[in-house]
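Undergrad: no sequence for this one, just the structure:
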């Protein structure tokens, strides 16, 4: 196989055109075989095989910086830069599903959030200029979906201001981000895709006019001088050129020779150039091409021949939300849905099918989505903006100043909250309950099971004068956790024996960690430690009944799937201080560091967020209160 001979990008230089085509076929076969066993981003990588080969033949990485927006389409890049062991892809100790500086000097951007690559490219190109590195180049690959993000256009505005600063921008145009790309830019690119190119027109015109005696050549020169107007007429790439960016394309993104020619011309140019490449997401794999929803953007473990899942998926948190949204849509004509280019991943596709006139896909534009939601709410409807928890970070100012300040009834539904695991540091939803604590008036719910998700979503959309947030985990929804009673607005999940007058521990369980918290209580009970377990349901604001309840216990323990700094534990501690309740509090959550990719259960064990670990520490804390800490070590908790 040719692929096994590729140890680095310069090994591509020796291959003939025929061998390059063979290599592309081998890479596609490799990807289908490898990703079908581990899961991952299959469709996007099948679409950029030839483009990535061409990039590494034209540019000299790592001296030249080859950058990928988001980075989910970097599997081919990994294969060509010496990383061909995909057996542990997205698992602990294996390759990351995104670029990783720890893996290779060829990788630069790790953030995995869309629309940022042009900002990075602008900065790197400026650094080359400042340091006089004229032989260093920057090539940034951005999808048409990511170009719907405002950050991309802010960067383009700055890039275009420097007419003599070299930078190559490769638009990977497959008409999709997850699903089909939405918006005015998408329509513009579609026009470019379906219109004969200017260069072909001009070449044909030159041939005809130069045959015309006397006036032929002058007329051609006049037309060539007016090429800007001709380009707008023939193929309206003028939008890019109006910004001051030279435009090359559209180029067949699966023709290596054509790609190399275009990229070489762009590399030689002394200013910023856009190379517009047309690619096919899922290329070469029939099951992906036939999957209209997202062309196998991301898959679990599948049969490589059929593309069908190996295991039937159980009910997920996302599916519970999806079904309840449809029910709410039938009951309330004022409810609308908003997604930021993730209709299927966040579960709004069912709502869209039922109510196509009440769904808004804003593209990869979370900031705009949040502000548009404020306008919708002010106009008399109730928007439900479903978004990954990690992506809400991008719209914080809009949540604060557009939605909350104006007391708009907007519901944000945060999917993939807490530790998500295999997608790495940037996709863990571990920030939301911290950053949202500072938003005045905002109410935040963390349902523990499917029944509570349905109930709390309904409670959220009833709020008309403030933003509400409902957050839940990734993956399979757990078993129902029934309440034994209610104190204030909090569900009591477990109470000590009736004869216990002052229980040892008040255990505050947040969201989907309820089963684990009940397990902690069982382990503590075996140590003779009495425990009350409560689920606040709405963790912001802290329930007024929390402080009086805490005052009736010796210790308060909070357990949350969120960063410890500024999270629910911090909010409860502040509420107790404000109420003058002097009870020790121990908060358990995610440490404030970037977590490497691994299975969720592996990460939870690594950070000590497991029932035995927490029970052991709480046992020690109670022993210390009893005066047994130094003289009697706490018994082991298994």
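TA: Looks like it came in fine. No experiment lies behind these values; they were computed from the predicted model shown. Residues are numbered from 1 along each chain as shown.
Undergrad: Mind giving me the packing neighbours of the top helix by length along the chain?
TA: Secondary structure of the chain per DSSP state H: the longest helix is helix 17-38. If contacts are counted by 3 or more Cβ pairs under 8 Å, 6 or more residues apart in numbering; DSSP states H and E, helix 17-38 sits against helix 43-46, helix 49-58, helix 75-80, helix 256-268. For the C-beta atoms, the positions are set from N, CA and C on the backbone; glycine is no exception.
Undergrad: Mind doing that once more with 10 Å?
TA: Contacts defined by 3 or more Cβ pairs under 10 Å, 6 or more residues apart in numbering; DSSP states H and E place helix 17-38 against helix 43-46, helix 49-58, helix 75-80, helix 256-268, helix 286-289.
Undergrad: ok, and what's touching the last one?
TA: Pointing back at helix 286-289 there. Residues from elsewhere that reach helix 286-289 (Cβ atoms under 10 Å, 6 or more residues apart in numbering): 32, 36, 42-44, 46-47, 280-283, 294-297, 299, 302-308.
Undergrad: Next secondary structure after it?
TA: Counting by DSSP states H and E, the next helix or strand C-terminal to helix 286-289 is helix 317-331.
Undergrad: hang on, residue 128 packs against residue 162?
TA: No: Residue 128 sits out of contact with residue 162 when judged by Cβ atoms under 10 Å, with a separation of 11.5 Å.
Undergrad: higher neighbour count, the two?
TA: Neighbour totals were compared for residue 128 and residue 162, and residue 128 leads with 20 against 16 (other Cβ atoms under 10 Å).
Undergrad: From residue 341, how far off is that one?
TA: Going from residue 128 to residue 341 by Cβ to Cβ, to the nearest Å gives 32 Å.
Undergrad: for residue 374, same thing?
TA: 20 Å.
Undergrad: Which parts of the stretch 351-500 of the chain are helices?
TA: For the stretch 351-500 of the chain, the helices defined by DSSP state H, counting those that start in this stretch cover 366-378, 389-392, 396-398, 432-435, 450-461.
Undergrad: same thing with the stretch 151-300 of the chain?
TA: Going by DSSP H, counting those that start in this stretch, the stretch 151-300 of the chain shows helices at 184-193, 198-209, 216-225, 227-234, 238-242, 256-268, 286-289.
Undergrad: again with the stretch 501-638 of the chain
TA: 514-526, 546-551, 568-578, 600-606, 611-625.
Undergrad: Who are the packing partners of the shortest one?
TA: The reference is to helix 546-551. strand 485-487, strand 490-494, strand 505-509, strand 531-535, strand 555-563, helix 568-578.
Undergrad: for the third one, packing partners?
TA: The contact analysis (3+ Cβ pairs under 10 Å, 6+ apart) places strand 505-509 against strand 490-494, helix 514-526, strand 531-535, helix 546-551, strand 555-563, helix 568-578, strand 585-590, helix 611-625.
Undergrad: Tell me the helices and strands packed up against the third one.
TA: To tie it back to what came earlier, the one meant is strand 531-535. Secondary-structure packing of strand 531-535 (3+ Cβ pairs under 10 Å, 6+ apart): strand 485-487, strand 490-494, strand 505-509, helix 514-526, helix 546-551, strand 555-563, helix 611-625.
Undergrad: Relative to residue 580, which of the ones you listed is closest?
TA: Across the helices and strands packed on strand 531-535, residue 580 has its closest neighbour in helix 546-551 (8.2 Å, Cβ to Cβ).
Undergrad: quick one: buried residues of stretch 604-615?
TA: Neighbour-count burial for stretch 604-615, counted by 16 or more other Cβ atoms under 10 Å, picks out 604, 607, 609-611, 613-615.
Undergrad: hmm, I was thinking of stretch 501-516
TA: Buried-residue list, stretch 501-516, by 16+ other Cβ under 10 Å: 503-516.
Undergrad: Could you do stretch 146-157 as well?
TA: Buried, per 16+ other Cβ under 10 Å, within stretch 146-157: 146-149, 151-152, 155-156.
Undergrad: ok and the longest helix of the chain relative to helix 49-58, angle-wise?
TA: Here the directions of helix 17-38 and helix 49-58 differ by 120 degrees (axes from the mean of the first three to the mean of the last three Cα atoms, to 10 degrees).
Undergrad: Thanks again, I'm all set now.
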